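Q: Build the 3D model from these lines:
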Amino acid sequence: MSPRMVVVRPTQEPPNASQDPNFLTRVLGLGSNVADDGRFAAVRIGATFTIDFFDAPPIEPMHLAFVADDVTFEGIIGQLRSPGTAYGSQPNDPTNGRTDHPLAEHGVYFRTPDGHLFEVMSSAVNADRK
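A: Presented below is the predicted three-dimensional model:
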């Protein structure tokens, strides 16, 4: 079985109205890579990893972080900019429009429609950075 991460999406009217799975596939450049079986909406991130969304009462938003190569990172920035999705370089200010990051050469934080905070860094964490 492939590794999975389960993310709760708040139940909305009508049921299964959450935009997070489709939003995430668009921003990450995954095409229409959502497999929704009615219970879980699975977003395949790679060959062996999925993020599974399911409907539930509202919960505290989660923070999920990824490392991407430079080309993928630039594609994500383009997807965030095209519909005007806010992003920023700090978790406490994910709307400042900057891509400088305290732990990597470049990185951004952005919120999904359901309020989860995603972080994407363009390179591996730089432990020497102050």
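
Q: Show the subsequent helix or strand relative to the lowest-mean-pLDDT helix or strand in the chain.
A: The weakest-scoring helix or strand in the chain, judged by mean pLDDT, DSSP states H and E, is strand 4-10 (a mean of 53). Remark: after strand 4-10, the chain's next helix or strand is helix 20-27, criterion DSSP states H and E.

Q: Which residues does that next one contact?
A: 7, 9, 30-34, 36, 41-43, 51, 53, 76, 79-80, 85, 110, 112-114, 116, 118 (Cβ atoms under 8 Å, 6 or more residues apart in numbering). In this view, the C-beta of every residue, glycine as well, is placed from N, C-alpha and C.

Q: now do stretch 109-128
A: By Cβ under 8 Å, 6+ apart, stretch 109-128 touches 7, 9-10, 18-20, 23-24, 27, 61-70, 73, 76, 80, 85-91, 94, 101, 103-108.

Q: Give the full set of residues in contact with residue 73.
A: Counting by Cβ under 8 Å, 6+ apart, residue 73 has contacts 106, 120-122.

Q: Sketch out the strands for the protein, chain order is fine.
A: In the chain, the strands defined using DSSP state E lie at 4-10, 34-36, 41-46, 49-56, 63-67, 107-111, 117-121.

Q: Mind giving me the packing neighbours of the shortest one?
A: Contacting strand 34-36 under the criterion 3 or more Cβ pairs under 8 Å, 6 or more residues apart in numbering; DSSP states H and E are the following elements: helix 20-27, strand 41-46.
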